[in-house]
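*Asks:* Structure for this input, please:
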Amino acid sequence: MNTFLDILAKIWFLVFIAGAVSSVYNFESIIMLEYRRYRDQWESDGKPASILWGRRGVGHLPPWKGMPLPDRMSSDISGLVFLVLWLFNTPKWIAGDPELKRHLYWYRFSTLGTIGLVAATIALLAK
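*Replies:* Numbering: from 1, shown residues only. Down below sits the predicted model:
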């Protein structure tokens, strides 16, 4: 029985990691494509920074390398806002772009699927 549970735990871990990596990758892609293709929208969104990606003058750089700390924090906060907002809302600039729609779909699927996996696990362990 322990062997079965060990295998099940490893599968759970791999699915969790795959979901988390997919979620981060697709969110990063949306932010980068917004920056490259829809710069005006990106700026009006507060220059959102993503989890791993940044540009000079955009989050994740030390404040002495191009962006004052308050602006950098604003960019990071903006990124966090869209991390949640895009789970449930589709901006018009994404709706008209097939590549962005695909990234948004997979971002939602992997994020909500990973959250569901963790919630189901907690519910099962709580019994």
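*Asks:* Grab the nearest non-local neighbour of residue 35.
*Replies:* residue 42 (5.0 Å; C-beta to C-beta, 6 or more residues apart in numbering). The C-beta positions use only the backbone N, C-alpha and C, and glycine is treated the same way.
*Asks:* so the one you found makes contact with residue 34?
*Replies:* Yes - counting by C-beta atoms under 8 Å, residue 42 touches residue 34, with 4.6 Å between them.
*Asks:* For those two, list the residues in contact with both.
*Replies:* residue 48 (C-beta atoms under 8 Å, 6 or more residues apart in numbering).
*Asks:* what's the model's confidence in stretch 3-18, averaged?
*Replies:* Mean pLDDT, stretch 3-18: 91.
*Asks:* For residue 89, give its distance to residue 81.
*Replies:* According to C-beta to C-beta, to the nearest Å, residue 89 and residue 81 sit 11 Å apart.
*Asks:* out of the two, which sits in the busier spot?
*Replies:* Counted by other C-beta atoms under 10 Å, residue 89 and residue 81 do not tie: residue 81 has more neighbours, with 13 against 10.
*Asks:* From residue 12, how far out is that one?
*Replies:* For residue 81 relative to residue 12 (C-beta to C-beta), the value is 30 Å.
*Asks:* what's the answer for residue 113, then?
*Replies:* Counting by C-beta to C-beta, the gap from residue 113 to residue 12 is 13 Å.
*Asks:* What of residue 93?
*Replies:* Using C-beta to C-beta, residue 93 is found at 37 Å from residue 12.
*Asks:* same question, residue 27
*Replies:* Going from residue 27 to residue 12 by C-beta to C-beta gives 23 Å.
*Asks:* more crowded one of the two?
*Replies:* Applying other C-beta under 10 Å to residue 27 and residue 12 shows that residue 27 carries more neighbours, namely 26 against 14.
*Asks:* tell me the contacts of that one?
*Replies:* Neighbour list for residue 27: 50-51, 83, 86, 107, 111 [criterion: C-beta under 8 Å, 6+ apart].
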